[in-house]
Each structure stands twice: as structure tokens, then as C-alpha cells.
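**Student:** Just a sequence and a predicted model for now, questions to come.
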Amino acid sequence: MTPSPETTITSKNITVSYGHITALDNFSVNVPSGIVGLLGPNGAGKSTFIKAVLGLLVPDSGQITIAGKSLTTEGEIIRDMIGYMPEHDCLIDTFTAVELVSYMGQISGMQKKDAMPRCHEMLDFVGIGEERYRPISSYSTGMKQKVKLAQAIVHDPKILFLDEPTNGMDPQGREEMLDLVKKIRASDKSILVSTHILDDLEKVSDHAIIIGEGRLITEGGLEELLAGKESLRVVKVRGQAPDMEKFLKVLGDVYEVRSITPESGQTSIIILNQGDGTPIFRLSKENNVQLRAYYPHKASLEDVFVGAMENKGGDQ
Ligand SMILES: Nc1ncnc2c1ncn2[C@@H]1O[C@H](COP(=O)(O)OP(=O)(O)OP(=O)(O)O)[C@@H](O)[C@H]1O
Ligand SMILES: [Mg+2]
């Protein structure tokens, strides 16, 4: 694995243990520039990887470089270049957002006179209004997430680490957060975003690193990782039980049926697609069931995982 000029982070055989738990197991990856998703289920090792790259924990073995600089020998230079939005609460509750973000700017090496205007600019950017003068303890989860983002970018870092940035946010808040991430990207930053939500990643990123049980499962373009999964289709139908039974039988004769799930007032079926959907329309009509929906099945993180594991098996 040779790092390309586009590589922002290189991890070579990183192993991290917490007591007898091996959180990262000989983990090697080259993280390209742009927005890269670090995707994996709970406990996969995403936060551990981010913390190891940030130098917040020392690996048992392996090497990490950021923008070609060694974490071990050039840590000081690296620190100015990076911003970090942690997964869990990192905010000092008694501070106002203004106090916190300007303070974090100063910790990152900014002069007080520069940190204050920059702090207001960043709070404007993330959408914190007059509430910025209230203590953080009075903020909603969504507002806290925005302040966490503002403190991560106050010193204008080149490389950003966002650990589950949409954590605990409602759908609208999540959209807003992902829009902010895209805007930051437009200012020529590299961003590593950890998440277990494939949908979030599809909105902001085109490259994903998939991690499971501390190991690299696969990495590549999202499109490539999702390839092959598009051949599944969702069919939603409604009808009387005897008609439905007949329909499911003839459908099974024509298609490979992957799952049948009863939903309120309808049945959701996943089939392996073959050619166009003409038989679906014909069979539903012939069997007196109402076709409510027919669309490509969207791959889930689990599908991508299973696909990646199957491909791995095929390569060996
Ligand atoms: N401080 C710690 N002490 C002991 N074990 C830990 C500690 N932090 C993490 N672990 C363990 O290391 C493994 C990887 O954890 P990590 O937090 O990196 O996963 P993650 O992918 O970020 O998960 P999540 O999606 O839940 O945030 C898990 O088995 C976890 O229980
Ligand atoms: Mg985590």
C-alpha cells in the first residue's frame, strides 16, 4: 500500500489494546484527502483510531503519519493542523459558547484578539445565535453538537476529525450538520468523519473506510462499495390474504425472493432484480393485489459489510 500524494493520514500496522481488549488489530490504511467516512458498527474501533491519529492514546505498535509528518516526532506541528470534534461531551457546561470557542482558539495557539472575532464567525457559521451568551448547560443536544463543531474549526485546521457528528440529532439537525460538513469541505479541508449511519455518509462523502472488530474490512469509493447491491428491489403490495398468498407464490416462481415483511396494511418484499420490472406489474394485476411501491433496495451498512466479507473470501 503506497501512499499517494493525496494521502492525508497513513496508519501502518496500528495495534491498540485496552487491557485484554484489542480495539485496533494491526490496522493499516491510507486515508485520502477530501471527506472520508470511517464506517463501522458500535465497538468497531472508529473512535480508537481517531484518538490514536490525534496522539491522544499511544498504540502498542505501528506508525502513523499525518500530511507526511510523523506523529511521534512532529506532534507539535501536527497539532496546529488538526481539529477534533469528539464523540462525547467535551464542553465546559458553565461556559457560554463564546467563552468556550474563543478559549479553544487560544489553546490552539491563537492570540486572544484574533480568537474572539474568529469565534463569533464560527458560531455564525454553525448557526448559534444570541444563545451564544448563555451557559452551554442550557443548550439542546443539537446546539451542543454545533458548538463542538465550532470549537473544532476555530483555528482553521487543515484536517478535521469528526467523531459521530450527527450523534443524538433529529433528522433536521442531522441535515444541517451534514450541510456544514460539506461547506467546510468546500474550503479545501480534509475531513475524516466517523459514523455507523451509511445514509449520512452517502450525503457527504464519496470514499469510505470500513472497519469491523478493529480490522480493516474494506475501503474504496462508496459507489464501488455499494455496487452489486443495486440489483435488489423492494416491492410493496396490498391485498386480501388469499390473493396475497397466490401473488407471493407466483412471484417466487419468477424471482428470487429475499425477504417478506408484513407492514401495517401492506407487505414489503425484497427480490433479486432480473431485467425490467414488467412481471411485477403483470403478476400483481393478475392476482388482484395493489402494487404500492417498486424501487431499488438501498444498501445498509450491514449489506456493505456482508458484501465486503464475501469479496474478501473470494480474493483469498
Ligand atoms: N477506555 C476504554 N477501556 C476499555 N475498553 C475500551 C475503551 N474504549 C474503547 N474500548 C473498547 O474498544 C473497542 C473499540 O471501541 P471504540 O470506542 O473505538 O469503537 P467505536 O467504533 O468508536 O464504537 P461506537 O460506534 O460505539 O462509538 C470496543 O470493544 C470498546 O468496548
Ligand atoms: Mg466511537
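**Tutor:** Ah, there it is. Numbering: from 1, shown residues only. Ligands and ions are numbered 1, 2, ... in the order given.
**Student:** How is the chain divided into domains?
**Tutor:** Listed domain ranges for the chain are 7-226, 229-301 (source: automatic domain parsing).
**Student:** Out of those, which one sits most buried?
**Tutor:** Of the domains of the chain, the one with the most neighbours on average (mean count of other C-beta atoms under 10 Å) is domain 7-226, at a mean of 18. Every residue, glycine included, has its C-beta placed from N, CA and C.
**Student:** For whatever residue of the stretch 101-250 of the chain ends up closest to ligand 1, give me its contacts.
**Tutor:** Taking C-beta to the nearest ligand atom, ligand 1 has its nearest neighbour within the stretch 101-250 of the chain at residue 196, 5.2 Å off. The contact partners of residue 196, by C-beta atoms under 8 Å, 6 or more residues apart in numbering, come to 39, 40, 41, 42, 44, 46, 164, 301.
**Student:** State the pLDDT value of it.
**Tutor:** Confidence at residue 196, expressed as pLDDT, is 85.
**Student:** quick one: it from residue 299, how far?
**Tutor:** 14 Å (C-beta to C-beta, to the nearest Å).
**Student:** Please apply the same query to residue 63.
**Tutor:** Distance from residue 63 to residue 299, by C-beta to C-beta: 34 Å.
**Student:** One more: residue 276?
**Tutor:** 21 Å.
**Student:** Return the distance of stretch 183-199 from the chain's centre.
**Tutor:** Centroid separation for stretch 183-199 versus its chain: 8 Å, with C-alpha atoms, centre = their mean, to the nearest Å.
**Student:** What are the contacting residues of the one helix or strand residue 192 maps to?
**Tutor:** Remark: residue 192 resides in strand 190-195, with elements defined by DSSP states H and E. With C-beta under 8 Å, 6+ apart as the test, strand 190-195 has contacts from 8-9, 31, 33-40, 46-47, 49-50, 53, 87, 158-166, 181, 184-185, 200-201, 204-205.
**Student:** Of the domains of the chain, which is nearest residue 307?
**Tutor:** Closest of these to residue 307 is domain 229-301, at 6.4 Å (criterion: C-beta to C-beta).
**Student:** is any part of the following helix or strand past the strand holding residue 192 close to ligand 1?
**Tutor:** Next in sequence after strand 190-195, counting helices and strands by DSSP H and E, comes helix 198-204. No - Helix 198-204 lies out of reach of ligand 1 by C-beta under 6 Å from any ligand atom, never closer than 12.7 Å.
**Student:** Just the C-alphas of helix 198-204, formatted as PDB.
**Tutor:** The C-alpha trace of helix 198-204 is given here as PDB (Å, rounded to 0.1, in the frame of the first residue of the first chain):
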ATOM      1  CA  LEU A 198     -24.400   4.700   5.900                       C
ATOM      2  CA  ASP A 199     -27.100   7.200   4.800                       C
ATOM      3  CA  ASP A 200     -25.200  10.100   6.500                       C
ATOM      4  CA  LEU A 201     -22.100   9.200   4.700                       C
ATOM      5  CA  GLU A 202     -23.700   8.900   1.300                       C
ATOM      6  CA  LYS A 203     -24.800  12.500   1.600                       C
ATOM      7  CA  VAL A 204     -21.300  14.000   2.200                       C
END
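**Student:** re the thing from before, any figure for the gap between the residue of the stretch 101-250 of the chain closest to ligand 1 and ligand 2?
**Tutor:** Plainly put, residue 196 is 8 Å away from ligand 2 if you go by C-beta to the ion, to the nearest Å.
**Student:** Please apply the same query to residue 104.
**Tutor:** Counting by C-beta to the ion, the gap from residue 104 to ligand 2 is 21 Å.
**Student:** For stretch 241-251, what does the pLDDT average out to?
**Tutor:** 96.
**Student:** let me redo that: stretch 259-267
**Tutor:** Mean per-residue pLDDT for stretch 259-267: 93.
**Student:** Same check on stretch 131-146?
**Tutor:** For stretch 131-146, mean pLDDT is 95.
**Student:** Now tell me what touches that stretch from outside.
**Tutor:** So stretch 131-146 is contacted by 89, 91-98, 100, 120, 123, 126-128, 147, 165-170, 173, 176-177, 180 (C-beta under 8 Å, 6+ apart).
**Student:** Could you tell me the end-to-end distance of stretch 208-216?
**Tutor:** Using C-alpha to C-alpha, to the nearest Å, the end-to-end distance of stretch 208-216 comes to 11 Å.
**Student:** which residues are in contact with that stretch?
**Tutor:** By C-beta under 8 Å, 6+ apart, the surrounding residues in contact with stretch 208-216 are 16, 22-29, 31, 36-41, 43-46, 48-49, 201, 217-222, 225, 304-305, 308.
**Student:** So which of those belong to helices?
**Tutor:** Per DSSP state H, helices hold the following members of these: 46, 48, 49, 201, 222, 225, 304, 305, 308.
**Student:** where's the nearest residue in space to the first one that is not next to it in sequence relative to residue 51, distance?
**Tutor:** The one in question is residue 46. Once flanking residues are discounted, residue 46 sits nearest to residue 194: 4.1 Å by C-beta to C-beta, 6 or more residues apart in numbering. Distance of residue 194 to residue 51, given as C-beta to C-beta: 11 Å.
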